[in-house]
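>>> next come a sequence and a model predicted from it.
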Amino acid sequence: MHNIKVEVLSFSKAKFLFKRLGSFIEGEPFLVSCRYTNIGDYVFPGGKASLIVEWPNGQKVIFSEIVLPKLEPNSSYLKELGETDALSEGFALFSCAIYPNDNQPAKIFDAGGNERPPPYSIGSIRVKTWEELYTYWALLLSAGSLGIIAIEKIWATLSVIVDLVKSFLQDC
């Protein structure tokens, strides 16, 4: 039995103006890579793998025929799978399968080292819409504006209090 840890590394290519966003945005591209690590005590003889990205709207992106090299214990292999679009808002689920060359079964572990039973769901990403991002930015802008108004009101109130105290002290 082979023990393979699979880590999905994804990177959003979404941009706003000239700046890359850290968020995954519906309809925008992102890159997908996988790191396969032999966490077992025996040599992994190599084989094939596949990765499926499942979207809440039922669509799937399948990266198949990923060729895995021979892996010594505690060694890893990083494979860039390519670019795809975020097809739906919500959580995209990553699932994988591994087919060793020696036809022995392979236990799959997620990035946290937890064994994953079939269908081997190993991770997810949250995809937002542009509207959700704009709403968040508008909320921050509104909160900042209200903060400025609050500071102005507090300053005006403190000025009145200081004037009253000065007036009171002069009368004494």
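It's in.

>>> okay, CA-based contacts and neighbour counts for the rest of this
Noted.

>>> Leu31 contacts Phe24, correct?
No: contact criterion Cα atoms under 8 Å: Leu31 and Phe24 do not qualify, at 10.4 Å.

>>> now do the shared contacts for the two.
When contacts are counted by Cα atoms under 8 Å, 6 or more residues apart in numbering, Leu31 and Phe24 are jointly contacted by 12-13.

>>> the more surrounded of those two?
When neighbours are counted by other Cα atoms under 10 Å, Leu31 and Phe24 differ, and Phe24 comes out ahead with 25 against 15.

>>> can you pull the contacts of the residue nearest to the more buried one when sequence neighbours are not counted?
Leaving out its chain neighbours, the residue that sits closest to Phe24 by Cα to Cα, 6 or more residues apart in numbering is Val127, at 4.8 Å. Residues near Val127 by Cα under 8 Å, 6+ apart: 23-26, 86, 88-92.

>>> and those as JSON lines, adding secondary structure, distance to Lys166 and pLDDT?
Output for the contacts of Val127, formatted as JSON lines (DSSP: H, G, I helix; E, B strand; the rest coil; distance: Cα to Cα, whole Å; pLDDT from 0 to 100):
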{"residue": "Ser23", "secondary structure": "coil", "distance to Lys166": "54", "pLDDT": "75"}
{"residue": "Phe24", "secondary structure": "strand", "distance to Lys166": "58", "pLDDT": "84"}
{"residue": "Ile25", "secondary structure": "strand", "distance to Lys166": "58", "pLDDT": "85"}
{"residue": "Glu26", "secondary structure": "coil", "distance to Lys166": "60", "pLDDT": "86"}
{"residue": "Ala86", "secondary structure": "coil", "distance to Lys166": "64", "pLDDT": "88"}
{"residue": "Ser88", "secondary structure": "coil", "distance to Lys166": "64", "pLDDT": "90"}
{"residue": "Glu89", "secondary structure": "coil", "distance to Lys166": "60", "pLDDT": "89"}
{"residue": "Gly90", "secondary structure": "strand", "distance to Lys166": "60", "pLDDT": "90"}
{"residue": "Phe91", "secondary structure": "strand", "distance to Lys166": "61", "pLDDT": "91"}
{"residue": "Ala92", "secondary structure": "strand", "distance to Lys166": "64", "pLDDT": "91"}
